[in-house]
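>>> Dropping a prediction and its sequence here:
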Amino acid sequence: PAGAYADAPAGAGTPAGGPDRPPTAVERVALTAPHREMARRMATSRREIPEATVWVDADATGLLELRTALNEADPGRPVGLLALMARFCVLGLMRFPALNSRFDPEREELLRPPGVHLGFAAQTPRGLMVPVVHDAHTLTTRELAAEIAVLTEGARAGTLPPARLSGGTFTVNNYGVFGVDGAAAVINHPESAIAGVGRIVERPWAHDGGLALRPVTELTLAFDHRVCDGSEAGAFLRFFADCVERPSVLLGDM
């Protein structure tokens, strides 16, 4: 009922008398600075961006085999799944640059940066943060993995300067770490698209003319419909899925 949300003094919490007594006022919980910034960006995104979402399931066998091979070849410079997904996104954005652009509503033009500044969602004790790997297109897969690891550690420790949390042109979100298959991600305003990766789980899959259990993940892309139509967004997502399923065929670009 509406009355349950009557104003309470700042800092008000559960009244004295123990947990068996019902509260008499709503508790006010102060947001951390990252949480406030995230809330502002998400609200702006929903208000200003005409968003559409496409998704596809992909057999992640090739992806998992690639990670194993890379880490066995050089254990001292490990490459995680997020780094591989990030690398695939960078390759896709170089082919489909509209998704790496920004829409200028005043002049009705697309602003395309000269490279990819890749953000990635990181859950921290202070809330959700999006560190940015600047000039991600200039890094090798191992260099990208190392940069993601450094930025993740800094985000969790609260030591990243503002410059490392801004300036992104595209974001990738591995929400599979929370045990969920899919999500309709919200674009990180003022960017134009965000890719999402669900958990990898064994599912029945058509393979070599039969039915087999295969590790499958759901990939999603939420995009600003002003920067491109569904065909280009779908082509990017299909390229992303092809990278997950058959990364070896993209060796020349990696």
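Happy to help now that I have it.

>>> From here on, just use CA atoms for contacts and neighbour counts.
OK.

>>> okay, and for the protein, where does confidence drop off?
1-23, 251-254 (pLDDT under 70).

>>> Find the residue at the geometric middle of the chain.
Nearest to the mean C-alpha position of the chain, by Cα atoms, centre = their mean, lies Asn173 at 1.6 Å.

>>> Count residues in the vicinity of Val197, would you?
Residues near Val197, counting by other Cα atoms under 10 Å, number 24.

>>> could you list every residue that touches the residue nearest to the centre of the chain?
Neighbour list for Asn173: 120-121, 194-197 [criterion: Cα atoms under 8 Å, 6 or more residues apart in numbering].

>>> go on, His189?
Counting by Cα under 8 Å, 6+ apart, His189 has contacts 41-42, 44-45.

>>> Can you tell me which of those has the most neighbours?
In terms of neighbours by other Cα under 10 Å, those top out with Ser45 at 20 neighbours.

>>> Next one: that residue from Ala146, what distance?
Ser45 is 30 Å from Ala146, where distance means Cα to Cα, to the nearest Å.

>>> do Ala241 as well
Ala241 is 23 Å from Ala146, where distance means Cα to Cα.

>>> the more surrounded of these two?
Neighbours per residue (other Cα under 10 Å) separate Ala241 from Ala146, with Ala241 holding more: 24 against 18.

>>> Excluding residues flanking it in the chain, which one is nearest that one?
Leaving out its chain neighbours, the residue that sits closest to Ala241 by Cα to Cα, 6 or more residues apart in numbering is Ala58, at 5.7 Å.

>>> For the one you found, which three-state class applies?
What DSSP: H, G, I helix; E, B strand; the rest coil gives for Ala58 is strand.

>>> Arg182: what's it in contact with?
Slight slip there: residue 182 is Gly, not Arg. Gly182 neighbours (Cα under 8 Å, 6+ apart): 175-176, 196-199, 218-220.

>>> Between the two ends of stretch 136-145, how far is it?
Chord length of stretch 136-145, first to last residue, is 10 Å (Cα to Cα).

>>> got it, and stretch 114-125?
End-to-end distance for stretch 114-125: 34 Å, by Cα to Cα.

>>> What lies in contact with it?
Outside of stretch 114-125, the residues within contact range by Cα under 8 Å, 6+ apart are 86, 90, 93, 100, 128-137, 152, 155-156, 167-174.

>>> Give me the buried entries from the residues you listed.
Buried subset of the contacts of stretch 114-125 (neighbour count, 16 or more other Cα atoms under 10 Å): 86, 90, 93, 100, 128-134, 136-137, 152, 155-156, 167-174.

>>> Looking at the residues you listed, which are in helices?
Counted as lying in helices by DSSP state H, out of these, are 86, 90, 93, 152, 155-156.

>>> Next one: the closest residue to Arg95 other than its chain neighbours from Gly230, what distance?
Leaving aside its sequence neighbours, Arg95 sits nearest to Phe236 (Cα to Cα, 6+ apart; 7.9 Å). Phe236 is 10 Å from Gly230, where distance means Cα to Cα.
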